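# got a sequence here, can you model it:
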Amino acid sequence: MPNWLLVFGPVAIALNHFAPGHYALIFASAAIAILPLAGWLGRATEQLADRSGEGVGGLLNATFGNAAELIISLAALRAGLHDVVKATIVGSIVGNILLVLGAAMLAGGLRYREQSFNLVGARAEATMLTLAVIALVIPAAYSVLVGGQYAGGERALSISISLVLLAVYAMFLVFSLWTHPTFFRGAKASENGEQAQPWTLAQSLLVLAACTVAIAWLSEILVGTVEPTAHAFGLSNIFVGVFVIAIIGNAAEHSTAITAAVRNRMDLSLSIAIGSSIQVALFVAPVLVLASLLVGPQPMDLLFGKGLLLAVFVAVVITGQVAGDGRSDWLKGVQLLAVYLILGLAFYLTPQA
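Numbers count the residues shown, from 1 in each chain. Reported below is the predicted structural model:
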């Protein structure tokens, strides 16, 4: 991502201070400024990934790459925009496994006829995604079957499921990093070729800290203009959350996953893309539910709308099929991107509630 786009950061801050009524310009400036910051954040985590291997590196990239989504969601949570938060969660899950992984497979497939990755690890990650779908479907089913018969039941169920998901995610980390790390080890190392001078640990951590602070500042500005900008362009908050904000937040994963695929490191690409979706579903979403008990005007639940649940379901289904044979090519990337485009059209044509 071009570094000159960073100039939009001061522009967004100035507009927000001196011309707060220009919502669309403020939103666009803040969004554009976050893109190169997310790219730098991804570059720093890739440096850490080179030091620690594919599995740990993918986790680090997913963790810091999701920092943008988490920061934006917390800002929206404080503003009481639960629909935007839920849409951003779904957008992050769907965007990572359809847009990020699809673009990575397409980019890698255009350079290599066929690429391979660790099948056992990919299947384990696909199963975790299926668990995430179940965790999102159960509250919706509970709401339909029980409804208002048990006051506070939906909130209690959401909190309980959140705690279960956090525990399972912790166990998944133990499984992937300590007890079964070979399942997530790359089948191929990166190509021999031009290698930039590696950053020191201090440099990587400094860039991570600086980018996180800057993204937090701009996210506050971005969230404050979501609703008026959406109304100005006739878009629903759901579309803005699922696609616009999620794409901005996924910028770090995009840049690193595609770069890894072009270097024939598909294990790292999958670890970043699928691992990031797992982290959003099993860690970020539960953390936001629990955080809403302390932040914002009212608690948030795990009750997602039918359209959001359907989007996650179809994304997980095709991702499981694509990652089920241990190989990738450019056509699989096109298939994932096609599903993402179809979902985008459906949400775009959904009127503002």
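# all strands of the stretch 101-250 of the chain, in order?
Here the stretch 101-250 of the chain has its strands, by DSSP state E, counting those that start in this stretch, at 115-116.
# can you give me the helices for it?
Counting by DSSP state H, counting those that start in this stretch, the stretch 101-250 of the chain has helices at residues 101-111, 119-145, 153-174, 201-224, 226-232, 237-239, 246-249.
# buried deepest among those helices, which one?
Compared across these, helix 246-249 shows the largest average neighbour count, a mean of 25 (mean count of other Cβ atoms under 10 Å). Every C-beta, even on glycine, is put in place using the N, C-alpha and C of the backbone.
# how far is that one from where the chain is centred?
Chain-centre distance of helix 246-249: 7 Å, with Cα atoms, centre = their mean, to the nearest Å.
# state the next helix or strand along the chain beyond that helix.
helix 251-262 (DSSP states H and E).
# what helices or strands is that following helix leaning on?
Under the contact criterion of 3 or more Cβ pairs under 8 Å, 6 or more residues apart in numbering; DSSP states H and E, helix 251-262 touches helix 23-52, helix 54-65, helix 101-111, helix 266-279.
# turn those into TSV, including mean pLDDT and distance to residue 221.
Shown next, in TSV, are these (pLDDT from 0 to 100; distance: least, Cβ to Cβ, whole Å):
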stretch	mean pLDDT	distance to residue 221
helix 23-52	79	5
helix 54-65	67	21
helix 101-111	95	28
helix 266-279	88	24
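# of those helices, flag the one that's most buried.
Ranked by mean neighbour count under mean count of other Cβ under 10 Å, the helices and strands packed on helix 251-262 are led by helix 266-279, which reaches a mean of 30.
# follow-up on the earlier one: nearest to residue 313, of the helices and strands packed on helix 251-262?
The minimum distance between residue 313 and the helices and strands packed on helix 251-262 falls on helix 266-279, with 13.1 Å, by Cβ to Cβ.
# quick one: find the helix or strand in the protein with the lowest mean pLDDT.
Counting by mean pLDDT, DSSP states H and E, the chain has its least confident helix or strand at helix 54-65, which shows a mean of 67.
# sort out which residues of whatever helix or strand comes next after that one are buried, please.
Downstream of helix 54-65, the first helix or strand assigned by DSSP H and E is helix 67-78. Residues of helix 67-78 classed as buried by neighbour count (16 or more other Cβ atoms under 10 Å): 67, 68, 69, 70, 71, 72, 73, 74, 75, 76, 77.
# just name the lowest-scoring one in those residues, pLDDT-wise.
On pLDDT alone, residue 68 ranks lowest of the buried residues of helix 67-78, at 66.
# from residue 36, how far off is residue 140?
As judged by Cβ to Cβ, to the nearest Å, residue 140 and residue 36 stand 38 Å apart.
# ok, now residue 227?
According to Cβ to Cβ, residue 227 stands 26 Å off from residue 36.
# quick one, what contacts residue 44?
Contacts for residue 44 (Cβ atoms under 8 Å, 6 or more residues apart in numbering) come out as 64, 199, 203, 204, 205, 207, 208, 211.
# show the pLDDT at residue 305.
pLDDT, residue 305: 85.
# is it true that it touches residue 238?
Yes - between residue 305 and residue 238 a contact is recorded at 7.5 Å, counting by Cβ atoms under 8 Å.
# quickly find the element holding the spatially most central residue of the chain.
Closest residue to the average C-alpha location of the chain: residue 92 at 3.3 Å, with Cα atoms, centre = their mean. According to DSSP H and E, residue 92 maps onto helix 82-94.
# show the backbone phi and psi for residue 200.
Backbone torsions for residue 200, taken as degrees, to the nearest 10, come to phi -80, psi 160.
# what's the spacing between it and residue 211?
17 Å.
# could I get the pLDDT score of the nearest residue to residue 113 once chain neighbours are set aside?
Distance criterion Cβ to Cβ, 6 or more residues apart in numbering; nearest residue to residue 113, sequence neighbours excluded, is residue 329 at 7.1 Å. In this prediction, residue 329 carries a pLDDT score of 95.
# give me the number of residues near residue 329?
Residues near residue 329, counting by other Cβ atoms under 10 Å, number 16.
# isn't it right up against residue 114?
Yes - counting by Cβ under 8 Å, residue 329 touches residue 114, with 5.3 Å between them.
# how about residue 85, what does it touch?
Contact analysis of residue 85 by Cβ under 8 Å, 6+ apart lists 73, 76, 77, 241, 288, 300.
# and of those, the nearest to residue 341?
For the contacts of residue 85, the nearest to residue 341 is residue 241 (17.7 Å; Cβ to Cβ).
# correct me, but that closest one touches residue 82?
No - the pair residue 241 / residue 82 is not scored as a contact, 10.3 Å apart, by Cβ under 8 Å.
# neighbour-wise, which of the two wins?
When neighbours are counted by other Cβ under 10 Å, residue 241 and residue 82 differ, and residue 241 comes out ahead with 28 against 20.
# please list all residues in contact with the residue nearest to the more buried one when sequence neighbours are not counted.
In this structure, residue 241 finds its nearest non-sequential neighbour in residue 87, 2.6 Å apart by Cβ to Cβ, 6+ apart. The contact partners of residue 87, taken as Cβ under 8 Å, 6+ apart, are 237, 238, 239, 240, 241, 242, 245, 246, 308.
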